[in-house]
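# Predicted coordinates and the sequence they were generated for:
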Amino acid sequence: MDERTFIMVKPDGVQRRLVAEIISRFERRGYQLIGIKMLQASAQRIDTHYAELTEKPFYPGLKRYMLSGPVVAMAWKGKAAAATGRALVGATNPRQSAPGTIRGDYCIDVGRNVVHASDSVESAEREIKIWFQADELVGYADPLSDWIYEDA
Ligand code: GDP
Ligand code: MG
């Protein structure tokens, strides 16, 4: 129940007015929002976030894309948050993302896939540290947890 994941509305998602829709998918699923902010990323932050990808041929385009406008960075908490967050977001290439997923419903090209989700618990913790200071995250009781979890 304490698992966390990092979700980010990418610049195209912000421009296309998908922020509320993306938040809503996680809220309605039952996850708890514990941090959120809008910011224009720096080149350095994008390099750190995508450290595993900086040598890929598509990286210069990915970096331009991620710097092309503001993003909305979020931390979400709940059981299996990382794996379920990936499932809610859908496959990396939207042409392979199932309808019903965020990418499967709202985008077409891999280089304009509207949202980021951490790919594991370890990535989530690494990414949350890149985007949030400790005092930008909140902890609060969830009065719905008995209704969302059978073992709350
Ligand atoms: P994700 O975890 O599903 O976002 O996918 P990755 O971590 O593999 O890649 C990060 C981001 O880089 C993706 O969301 C895409 O926006 C972009 N990306 C990944 N692979 C490709 C590719 O082959 N071509 C292009 N143009 N962009 C890619
Ligand atoms: Mg990834």
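All right, it came through fine. Ligands and ions are numbered 1, 2, ... in the order given.
# Now do the helices in this protein.
Assigned by DSSP state H, the helices in the chain fall at 11-15, 19-29, 43-49, 59-66, 81-89, 102-106, 121-131, 145-148.
# out of these, nearest to ligand 1?
Closest approach to ligand 1 among these is made by helix 59-66 (4.6 Å; C-beta to the nearest ligand atom). Heads up, the C-betas are built off the backbone N, CA and C, glycines and all.
# Give the other helices and strands that the closest one contacts.
For helix 59-66, the elements it packs on are helix 11-15, helix 43-49, judged by 3 or more C-beta pairs under 8 Å, 6 or more residues apart in numbering; DSSP states H and E.
# mind giving me CSV with these and columns for mean pLDDT and mean neighbour count?
Supplementary listing: the helices and strands packed on helix 59-66 in CSV, determined by pLDDT from 0 to 100; neighbours: other C-beta atoms under 10 Å:
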stretch, mean pLDDT, mean neighbour count
helix 11-15, 99, 20
helix 43-49, 98, 15
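# Switch the ones you listed over to a markdown table; also include distance to residue 90.
As requested, these are exported to a markdown table (distance: least, C-beta to C-beta, whole Å):
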| stretch | distance to residue 90 |
| --- | --- |
| helix 11-15 | 13 |
| helix 43-49 | 20 |
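# These: which one's closest to residue 105?
Evaluated with C-beta to C-beta, these place helix 11-15 nearest to residue 105, the distance being 11.9 Å.
# Residue 113 is nearest to which of the helices of the chain?
Closest to residue 113 of those is helix 102-106 (C-beta to C-beta; 5.2 Å).
# ok, and what's touching the closest one?
For helix 102-106, the external contacting residues (C-beta atoms under 8 Å, 6 or more residues apart in numbering) are 13, 16, 18, 21-22, 25, 88-92, 94, 97-99, 113-115.
# try stretch 70-77
Stretch 70-77 is contacted from outside by 1-11, 13-14, 19, 22-23, 26, 31-41, 85, 128, 131-132, 137, using C-beta under 8 Å, 6+ apart.
# Let's see that with 7 Å instead.
The contact list for stretch 70-77, computed with C-beta atoms under 7 Å, 6 or more residues apart in numbering, reads 2-11, 14, 19, 26, 31-41, 85, 128, 131-132, 137.
# Got a quick ChimeraX command for the buried subset of the residues you listed?
When burial is assessed using 16 or more other C-beta atoms under 10 Å, the buried subset of the contacts of stretch 70-77 is captured in ChimeraX by this command:
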select :3,4,5,6,7,8,9,10,11,14,19,26,31,32,34,35,36,41,85,128,131,132
